[in-house]
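Trainee: The following block contains a protein sequence and its predicted model.
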Amino acid sequence: MKRSTSIYFIAALAAGAAAGCMKPLNVVPVEFKSADDVFTDSARAELFINNAYTDLPADVSNSYNWLDGNAMLASATDEAIHVSTNKTSPSAAQRMSAGNWNPSNMRYWRASDGAGEIGSWLKYGGYHGNRKANTALANLHKLPTTSSERFRKRMRGEALFLRAAYHWFLFQRWGGIPIVDRSFEASDNVLLPRSSVQSVVNFIVQQCDEAIALLPAEPYTEPTEVGRADRGSCMALKAKVLLYAASPLYNRAGTDSLTSMMNADPNRWALAAKAAQDLVDLNWYTLYKPTANGQRNYKEFFNAWGAGTTNREFIFGRLRGPNRDTENDNFPAGFTNAKGGTCPSQDLVDAYEMEDGTVFSWANPDQAKDPYLKRDPRFYASIIYNGAKYAKFANKTNYTFQTFTGGENATGNAKTETSYYLNKFMDYTNVNPAQGTGTAYHNWHYFRYAEVLLNLAEAANEAGGPSYTAPGASSPLTAVAALDLVRDRVGMPDVATSFARRGIPLTKENLREFIRNERRVELAFEDHRYFDIRRWMIIEQLPKFIRGCVITKQPDGSFTYDPNVQVETKVFETKHYFFPIPQTEVNRNPNMKQNPQW
């Protein structure tokens, strides 16, 4: 029997964990021997599609920490550093920060089976999941005619989206990658060369467009469908890949088609703006805003899932049942079972505006005296700082954090080196790692509506300035209007007010910097910053180190702050704009060209 029609795997997964259904399907361990056995049965075909979701990156079976060593990608950027109780074995984030990685030695996707080296772009990067999508697309025509037309189209649309998504995750890291759009026969030549950046972008967009035409014209409401790839998922992916294609790293002249578009075309920004606007016009999504409290809205969004919860900001991601893994991996010092984990940098803390929309500055004596007072509500929802007060924190009530030198949360093997701990994503009200009790939802968001609005703002501003709108939109948003929606959700002043209070004109150049900072704080720790500073090509302008803050308690109970302590060196070389192609792939495939300087 030809390899293309032979399938050997155990389909044993719940759709709630892998495909994103709110209510899990029954786990059905079945060994399927051939494509005919699978795709002539609707239930088995759906289970196969469910399994194709499981290779999406971010090892959410064990929290958000998808880098080897239980680290988040944020700790390989200027957002944070990784603190581990294991002081003898640096995490992947620490090695990336130090520049101590190469095509042969880098482990970054953490995997329970011991795999996860950079060479695993097959299994944990994209091609393993892409193979499943290709197998489905080659065989879905065998679905029984008793299946509804909606079901058959939905299955094919999901598979097309997954094929696009797996190519996207590879493209985001490596640039031009081999396009694999079919299931191989045993006799096929699998030693494919890398395709150009332009070809990969075109392919992903085409796959998304085909999927959009097939997927239902209304949002999912059935428990077995909610969370699956839908039209909005495809539109979000399309908008994101076009945003990257328009960005300076790709949208430039060059001699290497594997890392650039080979020319600079400003119209690419207009295409990206239109794609994001199309999703807005779908009118399926809205920012999560159940209360008038901006800090609470932002904080609770990331755990808002399950029966009775209305969350229309979530577009697509990997869903899980309730757990406490993320809290376990980032539990602050001062408590039993503390691990430290992802500790935000002073650089990120300083990026949060004052609550009136002005910029925080250590040169302002009033702000420097009490630096955590009257800041952007997202600061309090995202970062644990010295003096942060919690009515309930794990197993303690009316708790105040002490990250000053000698304080309760600044001692021990898991102590922060920056004076901050991660608060975003955490639910320490219902979860208590010190006692190993409680659970919460932790769904990893690949796409959410706030990001789409920020993508629209950036692309629209670059295409035509602050007042530009994409042509043909039913509900056109300017760059400023899109930003205002994001800021209004947390109670921050609108763009015009913020600019007026800063005394600066609302120009394209000034708004560009404003948008970049808005992305920095709104999307903090969500795997955006690492790629944003590369696609903007600004990383070489950033400090070569991470700052922490030394806080000293005075005899009168007040505090003094030194925010310029260098706690970690960040090594960046030009080659780090792209990941290295795994050496195992270069060795086995003579047509595989390595990325520049690796």
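Mentor: Structure's in. What do you need?

Trainee: all strands of this structure, in order?
Mentor: 80-83, 314-318, 341-344, 383-384, 389-393, 396-400, 421-422, 444-448, 545-553, 559-569 (DSSP state E).

Trainee: Which among those is found nearest to L249?
Mentor: The minimum distance between L249 and these falls on strand 444-448, with 20.5 Å, by Cβ to Cβ. The way it works is simple: take the backbone N, C-alpha and C, and place the C-beta from them, glycine included.

Trainee: Which residue ranges of the stretch 451-598 of the chain form helices?
Mentor: Counting by DSSP state H, counting those that start in this stretch, the stretch 451-598 of the chain has helices at residues 479-490, 495-502, 508-522, 529-535, 583-588.

Trainee: Mean pLDDT, distance to T507 and mean neighbour count for the strands of the chain - can I get that in a markdown table?
Mentor: A markdown table is the format used below for the strands of the chain (pLDDT from 0 to 100; distance: least, Cβ to Cβ, whole Å; neighbours: other Cβ atoms under 10 Å):
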| stretch | mean pLDDT | distance to T507 | mean neighbour count |
| --- | --- | --- | --- |
| strand 80-83 | 95 | 32 | 28 |
| strand 314-318 | 93 | 31 | 22 |
| strand 341-344 | 96 | 31 | 29 |
| strand 383-384 | 98 | 31 | 24 |
| strand 389-393 | 95 | 40 | 14 |
| strand 396-400 | 95 | 43 | 13 |
| strand 421-422 | 98 | 35 | 29 |
| strand 444-448 | 94 | 29 | 22 |
| strand 545-553 | 98 | 29 | 20 |
| strand 559-569 | 97 | 30 | 15 |
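
Trainee: on that earlier part again, adding mean neighbour count, write the helices of the stretch 451-598 of the chain out as JSON lines.
Mentor: Listed next are the helices of the stretch 451-598 of the chain as JSON lines, based on neighbours: other Cβ atoms under 10 Å:
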{"stretch": "helix 479-490", "mean neighbour count": "22"}
{"stretch": "helix 495-502", "mean neighbour count": "17"}
{"stretch": "helix 508-522", "mean neighbour count": "19"}
{"stretch": "helix 529-535", "mean neighbour count": "19"}
{"stretch": "helix 583-588", "mean neighbour count": "16"}
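
Trainee: In JSON lines: those, plus mean pLDDT.
Mentor: As requested, the helices of the stretch 451-598 of the chain are exported to JSON lines (pLDDT from 0 to 100):
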{"stretch": "helix 479-490", "mean pLDDT": "98"}
{"stretch": "helix 495-502", "mean pLDDT": "98"}
{"stretch": "helix 508-522", "mean pLDDT": "98"}
{"stretch": "helix 529-535", "mean pLDDT": "97"}
{"stretch": "helix 583-588", "mean pLDDT": "90"}
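
Trainee: just to revisit the earlier point, can you lay out the strands of the chain as JSON lines showing distance to V200?
Mentor: Compiled in JSON lines, those are given as follows (distance: least, Cβ to Cβ, whole Å):
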{"stretch": "strand 80-83", "distance to V200": "30"}
{"stretch": "strand 314-318", "distance to V200": "20"}
{"stretch": "strand 341-344", "distance to V200": "31"}
{"stretch": "strand 383-384", "distance to V200": "36"}
{"stretch": "strand 389-393", "distance to V200": "46"}
{"stretch": "strand 396-400", "distance to V200": "49"}
{"stretch": "strand 421-422", "distance to V200": "34"}
{"stretch": "strand 444-448", "distance to V200": "18"}
{"stretch": "strand 545-553", "distance to V200": "33"}
{"stretch": "strand 559-569", "distance to V200": "33"}
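
Trainee: Could you work out which of those strands reaches nearest to P476?
Mentor: Proximity to P476 (Cβ to Cβ) singles out strand 314-318 among the strands of the chain, at 20.3 Å.
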